[in-house]
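*Asks:* here is my input; please provide its structure:
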Amino acid sequence: MHKAEYLIRPVDRLDPDLTKTVERFAGGAGRYEHLDSLWNDDTEVSTYIKWSALAAKVSVSERVRGLISIKRAAADAIKTDLIDDGLGAAAQGPLDDLAIPTFEPSVGVALSLFRKVRWVSTILDVATYYTGKGLPILREVISPAFIQSSEDFFKYRIARISDEEVVVEELQTAFEKMRKRESTMGDEDFEENASDT
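*Replies:* Model prediction:
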């Protein structure tokens, strides 16, 4: 019964444009347009334009905004600690991955797409649940990833935050250490400059 709400076809302010964009992409026009434009000057290259138009019409919840902030703060804290430990160059690859920005309007489009996928996944889950008709039970494949709230999907699968409260506590501790370190460094720098004069 807790999945009943997910069995209702999701409709939001991006419809029907979102579905048309997905259909166009699935048909190959969007997927290959950049490649096609290399040999055909008449190829329409518009996937980015269509995505941007969708993103301009959508917003995200306060909770998702908060999760984006936590993700950004975690990246900053990890980067600062690694640099302070002398690992800035060694950790450059992972740091680049952590620093990839999360653009709120694009998250809004992605979560609208997720709700459509969740709807189909829930139908497949219910339809194949111990049917005995030779159909595989798809719950093990689709349920962990897709049958959850869109905010939880963003939290666990995109922002990759496992325990929000623990992460926030750790970040508060990390930023407090950084503030103390910066204030101590400031005092030392001041003392060094005073002794030089």
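
*Asks:* mind listing what's buried along stretch 128-140?
*Replies:* Using 16 or more other C-beta atoms under 10 Å as the test for burial, stretch 128-140 gives 128, 139. All C-beta atoms are positioned from the backbone trio N, CA, C, and that covers glycine.

*Asks:* pLDDT at the residue nearest to the spatial centre of the chain, what is it?
*Replies:* By C-alpha atoms, centre = their mean, the mean C-alpha position of the chain lies nearest to residue 158, the distance being 3.4 Å. pLDDT recorded at residue 158 is 91.

*Asks:* contacting residues around it?
*Replies:* 102, 107, 110 (C-beta atoms under 8 Å, 6 or more residues apart in numbering).

*Asks:* neighbour-wise, which one of those leads?
*Replies:* residue 107 (23 neighbours; other C-beta atoms under 10 Å).

*Asks:* now for the nearest residue to it once chain neighbours are set aside: which residues touch it?
*Replies:* Closest residue to residue 107 apart from its sequence neighbours, by C-beta to C-beta, 6 or more residues apart in numbering: residue 60 at 5.4 Å. Counting by C-beta under 8 Å, 6+ apart, residue 60 makes contact with 68, 104, 107, 108, 111.

*Asks:* excluding sequence neighbours, find me the nearest residue to residue 99.
*Replies:* Closest to residue 99 by C-beta to C-beta, 6+ apart is residue 75, at 5.6 Å.

*Asks:* quick check: buried residues in the helix or strand that contains residue 144?
*Replies:* Per DSSP states H and E, residue 144 falls inside helix 139-146. Within helix 139-146, the residues scored as buried using 16+ other C-beta under 10 Å are 139, 142, 143, 146.

*Asks:* those residues into a markdown table, with extra columns for pLDDT and distance to residue 115?
*Replies:* Shown next, in a markdown table, are the buried residues of helix 139-146 (pLDDT from 0 to 100; distance: C-beta to C-beta, whole Å):
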| residue | pLDDT | distance to residue 115 |
| --- | --- | --- |
| 139 | 80 | 19 |
| 142 | 81 | 14 |
| 143 | 80 | 16 |
| 146 | 89 | 10 |
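
*Asks:* sounds good, over and out.
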